[in-house]
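Asks: turn this into a model:
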Amino acid sequence: MTEMRHPRLTFVAVLGVLALGGYVFGVASALSWFPVASGVVGVLWALPVIALAALAWARFMPGPPSRKLIVSLVLLCPIGPYLAWHFPESKFLPNPYVDTCFAPGFKRESFDRLHPGMSPAEVEAVTGPPRFLHGNPRWYRLAGNPDLVWSYSTDHCSKTGDYAWRSYQVGFRDGALIVVAKDWRYD
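Replies: Below you'll find the predicted structure:
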């Protein structure tokens, strides 16, 4: 009996260490804006959940212990991608823009036509009106130290979770466009 428990405990311990390592790697990477960080965390947090569920489920299945565990893992593996996709602040792979709220009428393709030197009226003619106007915020500082920032997108539009979102911003100084920025935000 005890021989069968040690491999299971070792298996769960290894997955736990991987999950902890993935969490630390993901947080460190997210702090440096590494784009796949939160997805990595999601995958590594899903592994121990699947392993524990498989161990619990295997106790109630008929047959030898090792076969029960393998069958349980195979049956529960589809849960992994589901949990990884739904990990907080990761990109939701089926629809990466699910948590991005856009300004009314804003088209992402129009943003690529902007270039430094344009006036606010020219920018608005290309992209439409911004969602927000503000000074250069402390949390997402734009290069060039603009005195006016237009934001075309914000966070928290998903009804099912809190995912990464795409930030679209332009910065003006003295009435001229000086910076065009689009970034994935993992907050």
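Asks: where's residue 183, which helix or strand?
Replies: Residue 183 is part of strand 176-185 when elements are defined by DSSP states H and E.
Asks: give me the contacts around that strand.
Replies: With contacts defined as CB atoms under 8 Å, 6 or more residues apart in numbering, strand 176-185 is touched by 33, 35, 91, 111, 114-120, 122-123, 140, 142-144, 146, 155, 164-172. C-beta: built from backbone N, CA, C; applies to glycine.
Asks: separation between the residue lying closest to residue 122 once chain neighbours are set aside and residue 126?
Replies: Distances taken as CB to CB, 6 or more residues apart in numbering put residue 177 closest to residue 122, at 7.9 Å, once the chain neighbours are dropped. Per CB to CB, to the nearest Å, residue 177 is found 10 Å from residue 126.
Asks: which one's more surrounded, those two?
Replies: Remark: of residue 177 and residue 126, residue 177 carries more neighbours, 22 against 14, as counted by other CB atoms under 10 Å.
Asks: where does residue 94 land on pLDDT?
Replies: Note on residue 94: pLDDT of 72.
Asks: what helix or strand is residue 70 on?
Replies: Using DSSP H and E, the element containing residue 70 is helix 65-76.
Asks: show me this protein divided up by domain.
Replies: Listed domain ranges for the chain are 2-85, 101-185 (source: automatic domain parsing).
Asks: do a quick rundown of the strands in this protein.
Replies: 101-102, 132-134, 148-151, 153-154, 165-173, 176-185 (DSSP state E).
Asks: mind listing the strands the last one pairs with, and their directions?
Replies: The strands that strand 176-185 pairs with in its sheet are strand 165-173 (antiparallel) (by DSSP bridges).
Asks: could you export stretch 108-123 as PDB, CA atoms only?
Replies: Extracted in PDB, the C-alpha atoms of stretch 108-123 (Å, rounded to 0.1, in the frame of the first residue of the first chain):
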ATOM      1  CA  ARG A 108      -7.800  49.100 -34.600                       C
ATOM      2  CA  GLU A 109      -6.600  49.300 -38.300                       C
ATOM      3  CA  SER A 110      -6.900  53.100 -38.300                       C
ATOM      4  CA  PHE A 111      -4.400  53.400 -35.500                       C
ATOM      5  CA  ASP A 112      -1.600  52.300 -37.900                       C
ATOM      6  CA  ARG A 113      -2.200  55.300 -40.100                       C
ATOM      7  CA  LEU A 114      -1.200  57.800 -37.400                       C
ATOM      8  CA  HIS A 115       2.300  59.400 -37.400                       C
ATOM      9  CA  PRO A 116       4.100  62.100 -35.400                       C
ATOM     10  CA  GLY A 117       3.400  65.700 -36.400                       C
ATOM     11  CA  MET A 118      -0.400  65.300 -36.900                       C
ATOM     12  CA  SER A 119      -2.700  67.800 -35.300                       C
ATOM     13  CA  PRO A 120      -5.500  66.600 -32.900                       C
ATOM     14  CA  ALA A 121      -8.100  67.300 -35.600                       C
ATOM     15  CA  GLU A 122      -6.100  65.100 -38.100                       C
ATOM     16  CA  VAL A 123      -5.800  62.300 -35.500                       C
END
